[in-house]
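Participant: Just a sequence and a predicted model for now, questions to come.
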There are 2 protein chains.
Amino acid sequence: MMLDKITEKVLRMIDGEGFKQEGAFNLRENGISICHGDSEHVKIRKKEDRQGIDIYIDKDTNGETVHIPVVVSSSGMTDVVYNDFYIEDGAKVTIIAGCGIHNSGCNDARHDGIHTFHIGKNASVHYEEKHYGEGEGTGARILNPVTDIYVGENSIFTMDTVQIEGVDSTKRETDITMEAGSRLTVTEKLMTHDKQEAVSNMKVIMNGDASSAQIISRSVAKGESIQTFHPRAVGKAACHAHIQCDSIIMNDAQVRSIPEIDARNVDAQIIHEAAIGRINSEQLLKLQTFGLNEEEAEGVIIENFLN
Amino acid sequence: MMLDKITEKVLRMIDGEGFKQEGAFNLRENGISICHGDSEHVKIRKKEDRQGIDIYIDKDTNGETVHIPVVVSSSGMTDVVYNDFYIEDGAKVTIIAGCGIHNSGCNDARHDGIHTFHIGKNASVHYEEKHYGEGEGTGARILNPVTDIYVGENSIFTMDTVQIEGVDSTKRETDITMEAGSRLTVTEKLMTHDKQEAVSNMKVIMNGDASSAQIISRSVAKGESIQTFHPRAVGKAACHAHIQCDSIIMNDAQVRSIPEIDARNVDAQIIHEAAIGRINSEQLLKLQTFGLNEEEAEGVIIENFLN
């Protein structure tokens, strides 16, 4: 089907691979699933009891990508959606699930995506989530994702979340439970500006022996924005976890980082590192000697830091 | 005056320099100040409104040591004491303030020392606090210190706290406010065993430009003991802070570390590192090849780790 120009523009921002109406996909616009497709191994079904879809990824899925973007362009809308992913043993899949808000009105536009992953054994799941806001309206652009992930034995879960700009308020809740031999890699990138607020709470429970988690969070806070991070790693078995949070603070922004490492087993090994500081002034000067002005130099440093 | 044998033994454990009835000192035993002395520059006065002493350290104090140990050897006693330190501009002083409990009865013995430091400008204060418990009784040995420290402009505060053994339950509350140019160094060493519990909450507020804080916490949790750390560094000015928490976990112990770094100024630079893990097995093997048994090898590694 034909998409409108705003939707197409927002999709380019939130779906790095480029959204196409091919293979397994579901596009949600202003609270309605406007188009969807299945593939041989991935079936998407509308929920009957509430808003949202069930995504069934069978055991023979081998490397395909499922696109399930959400666009909200209607000012004043609150869209709450429940998406459940059922991933069979051995499946290999990439899921791209961004959300973009275009708000040109004076009322708030909000999307709460509650995503639950049920991952079997020996599976490999790559999950990408880009959040973006735009629009000249005075209404806020609000995104409150909830992500619950159960990672079965020997499965790999890789999660990349990016919030680059335009989101006035976000509260992220991520809960992950890991079984024996499972591996988790989370990369979180967040930039806030003006009077934006961002909260990210994450809890990783390592229940199984030989499970391992790596969580990297990088953020830039500009303007008068406020960021709060609260990652928690609980080791209940022989496991490894490494959490690293680095933030650049600019202007009158505030960044608060409250990581928690909790070892409840003699063979749990958990490391945490966090740093908050301003842009490296030597780097800034060096780039300026190459002819960049201060703003351009800051832009280059921030881009490098987030990538 | 003559001290009893138990008091003398406990004093040897909590006062590394050796307690003597010389210079400025105050010995508190079972809720009573049993002996005290002043020096030319340090005057100790009993409070009139509640338990405790006021310690006045004048501006010409230059390197002397004040000993104010506390011993509780009466089972069933709860001793709450308020000690206030008034340290004038430019004073240089070392304060040794340990507490030891000898409990040979079946009732709990408890000491809550509430210490408040009012430190002027350009002063240098070294504060040592050793906590220790012993006694064959079944009653618990409980120590709940509260330490409030105001560090004036360009002053240096160095705090060493040690809890080596025998303390069944401890809850530490430490609050530090730092003015411009002040420097803070905190070293916390903690070992718990059996069913002991230890909680350490610390809050450092850096209010003044060019203030800097370094907090190092090292702990060993054995047996079924449980430790919880919650250090907080709040940067409200151009300041530096570095928090490092390292824990060794053994047997069925649990360690939880919840540091918080909070930057509210673009020139606040705050770093945190935490690690929880078991004893390095390579080190253990190496020491065993030198003829030490496993327990001896563990002892050497723990001692090195804490020192």
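Facilitator: Sure thing, it's come through.
Participant: what's the burial count for A:Glu294?
Facilitator: 12 (other C-beta atoms under 10 Å in any protein chain shown). In short, each C-beta sits where N, CA and C put it, glycine included.
Participant: Please disregard the earlier target; I meant A:Met191.
Facilitator: Residues near A:Met191, counting by other C-beta under 10 Å: 23.
Participant: Tell me the residue of the stretch 101-250 of chain A that sits nearest chain B?
Facilitator: Minimum separation of the stretch 101-250 of chain A from chain B (C-beta to the nearest C-beta) falls at A:Ile249, amounting to 5.2 Å.
Participant: where does that residue land on pLDDT?
Facilitator: On the pLDDT scale, A:Ile249 is placed at 96.
Participant: hey, what's it bridged with?
Facilitator: With DSSP bridges applied, A:Ile249 shows beta-bridge pairing to A:Ala221.
Participant: interface residues of the stretch 101-250 of chain A facing chain B?
Facilitator: Within the stretch 101-250 of chain A, the positions lying close to chain B (C-beta under 8 Å from any C-beta of the partner chain) are A:Gly235, A:Ser247, A:Ile249, A:Met250.
Participant: Tell me who's in contact with the most centrally placed residue in chain A.
Facilitator: Centroid-nearest residue in chain A, with C-alpha atoms, centre = their mean: A:Thr161, separated by 2.6 Å. Residues near A:Thr161 by C-beta atoms under 8 Å, 6 or more residues apart in numbering or on different chains: A:Glu128, A:Glu129, A:Lys130, A:His131, A:Arg172, A:Val186, A:Thr187, A:Glu188, A:Lys189.
Participant: Mind putting these into TSV with neighbour count and distance to A:Val81?
Facilitator: Below are those laid out as TSV (neighbours: other C-beta atoms under 10 Å in any protein chain shown; distance: C-beta to C-beta, whole Å):
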residue	neighbour count	distance to A:Val81
A:Glu128	21	17
A:Glu129	22	13
A:Lys130	20	16
A:His131	27	14
A:Arg172	22	16
A:Val186	22	22
A:Thr187	15	24
A:Glu188	22	21
A:Lys189	18	23
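Participant: The residue nearest to the centre of chain A sits in which helix or strand?
Facilitator: Per DSSP states H and E: A:Thr161 is located in strand A:156-163.
Participant: Within its sheet, name the partner strands of that strand and how each one runs.
Facilitator: strand A:124-134 (parallel), strand A:183-192 (parallel).
Participant: got those as a markdown table, with mean pLDDT and distance to A:Gly105 columns?
Facilitator: Listed next are those as a markdown table, based on pLDDT from 0 to 100; distance: least, C-beta to C-beta, whole Å:
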| stretch | mean pLDDT | distance to A:Gly105 |
| --- | --- | --- |
| strand A:124-134 | 96 | 13 |
| strand A:183-192 | 96 | 22 |
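Participant: Can I get those strands in JSON lines including distance to B:Thr61?
Facilitator: As requested, these are exported to JSON lines (distance: least, C-beta to C-beta, whole Å):
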{"stretch": "strand A:124-134", "distance to B:Thr61": "59"}
{"stretch": "strand A:183-192", "distance to B:Thr61": "49"}
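Participant: what comes up buried for stretch A:197-216?
Facilitator: Neighbour-count burial for stretch A:197-216, with 16 or more other C-beta atoms under 10 Å in any protein chain shown as criterion, is recorded at A:197-208, A:210-215.
Participant: Hmm, I typed the wrong one, I wanted stretch A:291-306.
Facilitator: Result for stretch A:291-306 [16+ other C-beta under 10 Å]: buried residues A:Ala297, A:Glu298, A:Ile301, A:Ile302, A:Phe305.
Participant: Which of those residues sits closest to chain B?
Facilitator: A:Glu298 (12.3 Å).
Participant: returning to what we had before: pick the one among the buried residues of stretch A:291-306 closest to A:Cys99.
Facilitator: A:Cys99 has its nearest neighbour among the buried residues of stretch A:291-306 in A:Ile302, at 22.6 Å by C-beta to C-beta.
Participant: Excluding chain neighbours, what is closest to the closest one?
Facilitator: A:Val220 (5.3 Å; C-beta to C-beta, 6 or more residues apart in numbering or on different chains).
Participant: A:Ser39 contacts A:Asn26, doesn't it?
Facilitator: No - using C-beta atoms under 8 Å, A:Ser39 makes no contact with A:Asn26, being 11.9 Å away.
Participant: Give me the more crowded residue out of the two.
Facilitator: Counted by other C-beta under 10 Å, A:Ser39 and A:Asn26 do not tie: A:Asn26 has more neighbours, with 23 against 17.
Participant: and the residue nearest to the more buried one when sequence neighbours are not counted, what pLDDT?
Facilitator: Spatial nearest neighbour of A:Asn26, chain neighbours left out: A:His36 (4.3 Å); criterion: C-beta to C-beta, 6+ apart. The model reports A:His36 with a pLDDT of 95.
Participant: Dihedrals phi and psi, A:His36?
Facilitator: The phi/psi pair for A:His36 (degrees, to the nearest 10) reads phi -160, psi 150.
Participant: Please apply the same query to A:Ala297.
Facilitator: phi -60, psi -40.
Participant: The residue lying closest to it once chain neighbours are set aside: what secondary structure?
Facilitator: Using C-beta to C-beta, 6+ apart and skipping residues adjacent in sequence, the residue nearest A:Ala297 is A:Leu287, 3.8 Å away. Reduced to three states with DSSP: H, G, I helix; E, B strand; the rest coil, the structure at A:Leu287 is helix.
Participant: Please give the number of neighbouring residues around A:Ala268.
Facilitator: Neighbours of A:Ala268 using other C-beta under 10 Å come to 26.
Participant: shouldn't it be in contact with A:Ser211?
Facilitator: No - with contact defined as C-beta under 8 Å, A:Ala268 does not count as touching A:Ser211 (9.8 Å).
Participant: Would you mind listing the residues touching both of these two?
Facilitator: By C-beta under 8 Å, 6+ apart, the residues touching both A:Ala268 and A:Ser211 are A:Ala237, A:Cys239.
Participant: Output the strand or helix carrying A:Ile302 as CSV, nothing but the C-alphas.
Facilitator: Secondary structure assignment for A:Ile302, by DSSP H and E: helix A:294-306. Extracted in CSV, the C-alpha atoms of helix A:294-306 (Å, rounded to 0.1, in the frame of the first residue of the first chain):
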residue,chain,number,x,y,z
GLU,A,294,33.4,24.8,18.1
GLU,A,295,29.9,23.5,17.3
GLU,A,296,31.1,21.3,14.5
ALA,A,297,33.9,20.0,16.6
GLU,A,298,31.5,19.1,19.4
GLY,A,299,29.3,17.3,16.8
VAL,A,300,32.2,15.2,15.6
ILE,A,301,33.2,14.2,19.1
ILE,A,302,29.6,13.3,20.1
GLU,A,303,29.1,11.3,17.0
ASN,A,304,32.3,9.3,17.7
PHE,A,305,31.4,8.8,21.3
LEU,A,306,28.0,7.4,20.4
